[in-house]
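>>> Mind folding the following:
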Amino acid sequence: MSAPNPHRPTTDADLADGISAGATALGLALPAATVELLVAYLRLIERWNGTYNLTAVRDVRDMASQHIIDSLAAAAALLRRIEIPTVSRILDVGSGAGLPGLVFAMAAPRMTITCVESVGKKAAFITHAATILGLRNVTVNHGRVQAMTAPLFDVIASRAFASLQEFVGSTAHLLGRSGIWMALKGKEPTDELARLEGISFHVERLQVPGLHADRCVVWMNQRS
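Numbering: from 1, shown residues only. Prediction:
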């Protein structure tokens, strides 16, 4: 996203232009209606953030790059990795404000997304946002992932949820037989990777348009 003009408020058109450009750079062909949904979602985060403390990022343009486009980069990586709808059940663990789960739901509406969040007010926000945005492919679970007994998932994703060991250990009972874990990280977590046992992994570096920070996905699956 370009630097904001301090003398002019950020309009929805500004946000749409930035999100659309970011998606194009990532190879995602998002319809205009999807970009509008992403802008509406961003405005919901902005509106609820003061009361619900959804993110430490306060500027809406920074939210667009650090949350929306960052999650779109993960969505692009996911779509390169799996076949839709052959593999389509996604669990977003520790979803917070619905990131990346709600962005996945908008970018790839043939996926079915379950967002699990233990903090009540954040779970309430995700539920509200999914309802307002009309996301029928989203289910919200308020509780701890360790207590979930839902059907098995094809992909279990997390964004800044926990260490890799904690992430794998707390969700292994929910991973399908051929399922994969998708951990979104900043720098490559070398120490965490070294402590994984019985897990095969691959680190994919991500380039997020407009964001000058390290980003990667750690793909993991259980060894045969």
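
>>> residues in contact with residue 122?
Counting by CB atoms under 8 Å, 6 or more residues apart in numbering, residue 122 makes contact with 52, 54, 95, 96, 97. Where C-beta positions appear, they are placed from N, C-alpha and C, glycine not excepted.

>>> Identify the farthest-apart pair in those residues.
Within the contacts of residue 122, 52 and 95 form the most distant pair, 13.2 Å apart (CB to CB).

>>> on that earlier part again, list just the nearest of the contacts of residue 122 to residue 16.
Nearest member of those to residue 16, counting by CB to CB, is residue 97, at 19.5 Å.

>>> Can you report how many residues neighbour that closest one?
The tally of other residues near residue 97 (other CB atoms under 10 Å) stands at 23.

>>> That one contacts residue 67, correct?
Yes - the pair residue 97 / residue 67 is scored as a contact, 7.4 Å apart, by CB atoms under 8 Å.

>>> who touches both of these two?
What both residue 97 and residue 67 touch, as defined by CB under 8 Å, 6+ apart, is the set 45, 55.

>>> so where is the chain shaky, pLDDT-wise?
For the chain, the stretches flagged by pLDDT under 70 are 1-7, 84-87.

>>> what are the ranges of the strands in it?
89-93, 112-117, 138-142, 153-159, 175-185, 199-206, 215-222 (DSSP state E).

>>> returning to that earlier point: who wins for neighbours among the contacts of residue 122?
That'd be residue 95 among the contacts of residue 122, by other CB under 10 Å, with 29 neighbours.

>>> Distance of residue 31 relative to residue 23?
Distance, residue 31 to residue 23, by CB to CB, to the nearest Å: 10 Å.

>>> Settle it for me: which of those two has more neighbours?
Between residue 31 and residue 23, residue 23 has the larger neighbour count (other CB under 10 Å), namely 23 against 8.

>>> how close does the more buried one sit to residue 79?
12 Å.

>>> Which neighbours do the two have in common?
residue 107.

>>> mind listing the helices for the protein?
12-25, 32-52, 60-63, 70-81, 101-107, 120-132, 164-171, 190-194 (DSSP state H).

>>> Next up, the contacts around the residue most central in space within the chain.
The C-alpha lying nearest the average C-alpha coordinate of the chain belongs to residue 100 (CA atoms, centre = their mean; 1.1 Å). Residue 100 makes contact with 70, 71, 74, 75, 92, 157, 159, 184, according to CB under 8 Å, 6+ apart.

>>> Can you say which two of those are spatially most distant?
So, the contacts of residue 100 by CB to CB: farthest apart are 70 and 92, at 14.0 Å.

>>> a markdown table please, covering the strands of the chain and showing mean neighbour count.
Listed next are those as a markdown table, based on neighbours: other CB atoms under 10 Å:
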| stretch | mean neighbour count |
| --- | --- |
| strand 89-93 | 27 |
| strand 112-117 | 26 |
| strand 138-142 | 21 |
| strand 153-159 | 24 |
| strand 175-185 | 19 |
| strand 199-206 | 14 |
| strand 215-222 | 18 |
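
>>> quick revisit: which among the contacts of residue 100 gets closest to residue 110?
Nearest member of the contacts of residue 100 to residue 110, counting by CB to CB, is residue 75, at 12.4 Å.
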